[in-house]
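# Please work out how this folds:
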Amino acid sequence: MGKVYQYRAMPFVTQHSPIFFAQALAMVLTKIRRESDIKILNYVEDLLLLHQSKERLR
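Next up, the predicted model:
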């Protein structure tokens, strides 16, 4: 008793996996958008990164 267990990876075949993935991705993208001048467009798991400089995107 008194121990906390946490998944290290998304369990397969769960009905709610897409929701959890979308929520986690939204948190990460929000932080990047606030702290960076790179524009990010996302749809589900697809990301498009935009910036005037190709070097900045590397």
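# hey, where'd the strands end up in the protein?
39-43, 46-50 (DSSP state E).
# Adding mean neighbour count, write those out as JSON lines.
Where C-beta positions appear, they are placed from N, C-alpha and C, glycine not excepted. Output for the strands of the chain, formatted as JSON lines (neighbours: other C-beta atoms under 10 Å):
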{"stretch": "strand 39-43", "mean neighbour count": "11"}
{"stretch": "strand 46-50", "mean neighbour count": "10"}
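# Those strands: which one's closest to Arg8?
Arg8 sits nearest to strand 46-50 of all the strands of the chain, at 22.9 Å, using C-beta to C-beta.
# what residue ranges in this structure score low on pLDDT?
For the chain, applying pLDDT under 70 flags the ranges 10-13.
# now the helices: where do they sit in it?
Secondary structure of the chain (DSSP state H): helices located at 17-35, 54-57.
# Packed most tightly, which of those helices would that be?
For those, average neighbour numbers computed from mean count of other C-beta atoms under 10 Å are highest in helix 17-35, which has a mean of 11.
# the inter-axis angle of that helix versus strand 39-43?
Interaxial angle of helix 17-35 relative to strand 39-43 (axes from the mean of the first three to the mean of the last three C-alpha atoms, to 10 degrees): 170 degrees.
# Dump the strands of the chain into TSV; add distance to Gln15 as well.
Output for the strands of the chain, formatted as TSV (distance: least, C-beta to C-beta, whole Å):
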stretch	distance to Gln15
strand 39-43	21
strand 46-50	22
